[in-house]
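[1] build me a structure from this.
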Amino acid sequence: MDASARPERSRPVPAAGDVLQFDESDYCYGTGPLVLRVTGVGADLGRYPQLEWLSLRGVELRGDGSAGPERQVLVRTSALARTG
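    Predicted coordinates:
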């Protein structure tokens, strides 16, 4: 089967208020795991389903759940299905 004929797997689309967790290898601009409460999404995955990276803005959450600094990061879209 031709790769372009394969159906695209549905990826969760992040929205403001979502809390997402990423391993260090799944995002840029930081070190260690990241827990982010999303405040903005840089592109529409429904319109651009082939994106490999997605820009997210949000507030980093510390280990105790308190709000940390605001962040802008690039995350692998393949990691979105593993977040939660």
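[2] all contacts plus neighbour counts: C-alpha atoms, from now on.
    OK.
[3] list the buried residues in stretch 71-84.
    R71, Q72, V73, L74, V75, R76, T77, S78, A79, L80 (16 or more other CA atoms under 10 Å).
[4] identify the farthest-apart pair in the residues you listed.
    Based on CA to CA, the longest span within the buried residues of stretch 71-84 runs between R71 and S78 and measures 20.0 Å.
[5] tell me which of the buried residues of stretch 71-84 fall in strands.
    Judged by DSSP state E, strands contain the following of the buried residues of stretch 71-84: R71, Q72, V73, L74, V75, R76.
[6] residue nearest the centroid of the chain?
    For the chain, the residue nearest the mean C-alpha position is V75 (4.6 Å; CA atoms, centre = their mean).
[7] which residue is the nearest non-sequential neighbour of that residue?
    Y27 (4.2 Å; CA to CA, 6 or more residues apart in numbering).
[8] list the residues that contact the one you found.
    V73, L74, V75, R76 (CA atoms under 8 Å, 6 or more residues apart in numbering).
[9] roughly how far does the closest residue to R62 other than its chain neighbours sit from V75?
    In space, and not counting its chain neighbours, R62 is closest to G68: 6.1 Å by CA to CA, 6+ apart. Relative to V75, G68 is positioned 19 Å away (CA to CA, to the nearest Å).
[10] repeat for D26
    D26 is 6 Å from V75, by CA to CA.
[11] go ahead and confirm P14 touches R37.
    No - between P14 and R37 there is no contact under CA atoms under 8 Å: 10.0 Å.
[12] just want to know which of these two has more residues nearby.
    R37 (22 against 19; other CA atoms under 10 Å).
[13] now do the phi/psi pair for the more buried one.
    R37 adopts backbone torsions of phi -90, psi 110, taken as degrees, to the nearest 10.
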